[in-house]
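Asker: sharing a model prediction with you, sequence too.
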Amino acid sequence: MKWIQSLPKQRWRQLLALLVIYYPSLVASSPSAGMKAKSVPAEETQNRPKIWGMLPKVETVPFKADFGSQPRPKSKQKPTSAIPKRMIVMGGPASGKGTQCQAIAEKYGLVHLSTGDILRQIVSSDSSDDERSPHVSTIKRCMEEGKLIPDDIVVRLVLDRLSAPDCQQRGWILDGFPRTSNQARALQGAGIHPDLFLLLSVPDEVAIKRVVGRRQDPVTGKVYHLDWNPPPNDIVHRLVVRSDDTVESMQQRLKQFWKNVKSVKGCYNNVVEIDGLGTPDDVFRDIDSTLKICTQVKH
């Protein structure tokens, strides 16, 4: 296996983590592995869905959303069956997870599901539906205060979206979900088990600096940074600061993130940590390399 010998040193840790994920018995029995693999309960393997159209519903709230209006560009790339087709990407606010999820989706033809984008679209849309309005109000208030959206609302949104034909056919990347152990257990209870869980690691002080100069185009939904990813001059006048992109809100969001991250990680045995401090291109190369190693390990 010449490709193993050619790996740079920083990839060995990721390779070992992936060996634990896909060949736990092999790694556990190796005296040089230095890691103990988690065993996967038989019932979890049996519950892995083969037909995504059979997704169960979580009847927690009588809530419906028009997902068809989500402005998400379609990738021309056909899904690559060799890479994981069901992924979760977790990271704190301003960790770059949205940028990386979109890059993976565009390269490999997967569906990028951002709960943040879905929630912001719901808040910005006008609706006089009495059934929907109370939940919109709750979502808006939580976002403005930097608090987490109630689990029952977000779980229903995500499960409904995962049952859509594009997710069934192309595979998906969950961006920003699950954020709590309750949400993670709700996914598992609905038969949703990711092939890979990526965790982007960025220090708090760096994340706060990233937020200060961030601006969003309300027309296209694209996010810019005044220093690192400046917008074209002809659209500067229409850019807005998102309500949750203030220092005060960021401090609250980071506090919530670190409160939940350990318990969420504990729900999965296929977590690979990625250093998110580099440029977007550098981080994506690290992620892409991890996916390729994952593919080679599986084969």
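Answerer: Done, it's in.
Asker: which ones are touching Thr138?
Answerer: Applying Cβ atoms under 8 Å, 6 or more residues apart in numbering to Thr138 gives the contacts Ile149, Pro150, Ile153. To be clear about C-beta, it is placed using only N, CA and C from the backbone, and glycine gets the same treatment.
Asker: buried residues in the helix or strand where it lies?
Answerer: For Thr138, the element it lies in under DSSP states H and E is helix 133-145. The neighbour-count check on helix 133-145 (16 or more other Cβ atoms under 10 Å) flags His135, Val136, Ile139, Lys140, Cys142, Met143 as buried.
Asker: now stretch 99-118
Answerer: Going by 16+ other Cβ under 10 Å, stretch 99-118 has these buried residues: 99-105, 108-118.
Asker: likewise stretch 185-193?
Answerer: Arg185, Ala186, Leu187, Gln188, Ala190, Gly191, Ile192, His193.
Asker: cool, stretch 200-215 as well?
Answerer: Buried residues in stretch 200-215, counted by 16+ other Cβ under 10 Å: Leu200, Val202, Asp204, Ala207, Lys209, Arg210, Val211, Arg214, Arg215.
Asker: nearest residue to the third one other than its sequence neighbours?
Answerer: Counting by Cβ to Cβ, 6 or more residues apart in numbering, Asp204 lies nearest to Leu254, which is 5.2 Å off, once chain neighbours are set aside.
Asker: among the buried residues of stretch 200-215, which are located in helices?
Answerer: Judged by DSSP state H, these include Asp204, Ala207, Lys209, Arg210, Val211 as members of helices.
Asker: can you lay out these as TSV showing distance to Thr220 and pLDDT?
Answerer: Below are those laid out as TSV (distance: Cβ to Cβ, whole Å; pLDDT from 0 to 100):
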residue	distance to Thr220	pLDDT
Asp204	29	93
Ala207	24	91
Lys209	24	87
Arg210	20	87
Val211	20	87
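Asker: for those, which one is nearest Thr290?
Answerer: Each of these was checked against Thr290 using Cβ to Cβ; the closest is Ala207, at 21.6 Å.
Asker: so the closest one sits right up against Gly92, yeah?
Answerer: Yes - at 5.6 Å, Ala207 and Gly92 qualify as touching, with contact defined as Cβ atoms under 8 Å.
Asker: between these two, which contacts overlap?
Answerer: Leu254.
Asker: pLDDT wise, what is the closest residue to Trp172 other than its chain neighbours at?
Answerer: Setting aside the residues directly before and after it, Trp172 is nearest to Val111 in space (Cβ to Cβ, 6+ apart), at 4.5 Å. pLDDT, Val111: 94.
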